[in-house]
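**Student:** sequence-free structure coming up:
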């Protein structure tokens, strides 16, 4: 009798977790041991200076050491926006939808400027590599149509990426709908990418790593992707990736949330400014 009651209690607990409200869903099983986590609330000043909420998380892969601005927010999920192009590129390569990063996608002729803004500089035939680097969403929407939800479900589950909620009926489920990923989960996925520990060929992972290079100097190399989406009157912004320098490899995820009633012109630039300010304060870069 006792064992039956225990089993019922466990099942009810699991159902409560699974059916919790999507907007406040938090990743509980994040795999971070408390003794590897360093909380530095002072980093929040950079978020406040930009008039945003959110969090910064930086992970030292060699030392298994996390520095976060807020231990709760780094586990809270938000739409991945264009940071999803990281795994999207891998899936497109692995499924053979594209042969390589130089595959050209034909311009579709129109796009929804109300959703994506007016960007005439990206309205032309474009290679996938260029689309990744200039964040041309229409290109990856065309790829998504060919990849299909079954493939997405399979690879997202295999990579432990996000909440696996693909209920959004539109093709652009990473910018709109209920899909979510936390800064912690972003870092965990990117760390596995760095180690080649994801279910994609080494060739495809190497292509991604090259495409992700956004800054390269004798001192350091940044492999990164930005993201920005607008849903339900809110800005959700990201800068994620990893930087390699003489001190080591640091995987990071910065998530910004802003009510569009308080929209500021520097929201886009703040994603990188906030991250680099945190890195400098921690003396990880000059």
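**Tutor:** Looks like it came in fine. Predicted, not measured: the structure shown is a model, and the values here were computed from it. Numbers count the residues shown, from 1 in each chain.

**Student:** And residue 271, how far from residue 97?
**Tutor:** 29 Å (C-beta to C-beta, to the nearest Å). (C-beta placed from N, C-alpha, C; glycine too.)

**Student:** Those two: who's more crowded?
**Tutor:** residue 271 (24 against 19; other C-beta atoms under 10 Å).

**Student:** before we move on, which element is that one in?
**Tutor:** Assessed by DSSP states H and E, residue 271 sits inside helix 267-281.

**Student:** How about residues contacting that helix?
**Tutor:** Outside of helix 267-281, the residues within contact range by C-beta atoms under 8 Å, 6 or more residues apart in numbering are 42-43, 46-47, 50, 52, 56, 58, 69, 226, 228, 235, 237-239, 243, 250, 252, 254, 256, 258, 264, 266, 285-286.

**Student:** ok, now with 6 Å
**Tutor:** Counting contacts by C-beta atoms under 6 Å, 6 or more residues apart in numbering, the residues outside helix 267-281 that touch it are 43, 46, 50, 56, 226, 235, 237, 239, 254, 285.

**Student:** How many residues are close by the spatially closest residue to residue 144 that is not a sequence neighbour?
**Tutor:** Counting by C-beta to C-beta, 6 or more residues apart in numbering, residue 144 lies nearest to residue 171, which is 4.9 Å off, once chain neighbours are set aside. Number of residues near residue 171 (other C-beta under 10 Å) recorded here: 16.

**Student:** would residue 171 count as being in a strand?
**Tutor:** No - the assignment for residue 171 by DSSP: H, G, I helix; E, B strand; the rest coil gives coil, which leaves it out of any strand.

**Student:** residue contacts, it?
**Tutor:** For residue 171, the contacting residues are 141, 144, 145, by C-beta under 6 Å, 6+ apart.

**Student:** Save these as TSV, and put in distance to residue 152 too.
**Tutor:** Shown next, in TSV, are the contacts of residue 171 (distance: C-beta to C-beta, whole Å):
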residue	distance to residue 152
141	13
144	8
145	11
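
**Student:** now residue 136: how far from residue 90?
**Tutor:** From residue 136 to residue 90 the distance is 18 Å (C-beta to C-beta).

**Student:** Residue 144 sits in which helix or strand?
**Tutor:** Under the criterion of DSSP H and E, residue 144 resides in helix 137-147.

**Student:** Let's test this: mean pLDDT of that helix, rounded?
**Tutor:** Model confidence over helix 137-147, given as mean pLDDT, is 98.

**Student:** which helices and strands sit right next to that helix?
**Tutor:** In terms of contacts (3 or more C-beta pairs under 6 Å, 6 or more residues apart in numbering; DSSP states H and E), helix 137-147 is packed against helix 85-94.

**Student:** and the helix it packs on, what does it pack onto?
**Tutor:** Taking 3+ C-beta pairs under 6 Å, 6+ apart as contact, the helices and strands that helix 85-94 lies on are helix 137-147, helix 202-211.

**Student:** Tell me which stretches of the protein form helices.
**Tutor:** Using DSSP state H, the helices of the chain run over residues 2-18, 44-49, 85-94, 113-116, 128-134, 137-147, 149-158, 183-194, 202-211, 267-281.

**Student:** List the buried residues for the last one?
**Tutor:** For helix 267-281, the buried set under the neighbour-count rule, 16 or more other C-beta atoms under 10 Å, comprises 267, 270, 271, 272, 273, 274, 275, 276, 277, 278, 279.

**Student:** Check the second one too.
**Tutor:** Taking 16+ other C-beta under 10 Å as the neighbour-count basis, helix 44-49 is seen to contain the buried residues 44, 46, 47.
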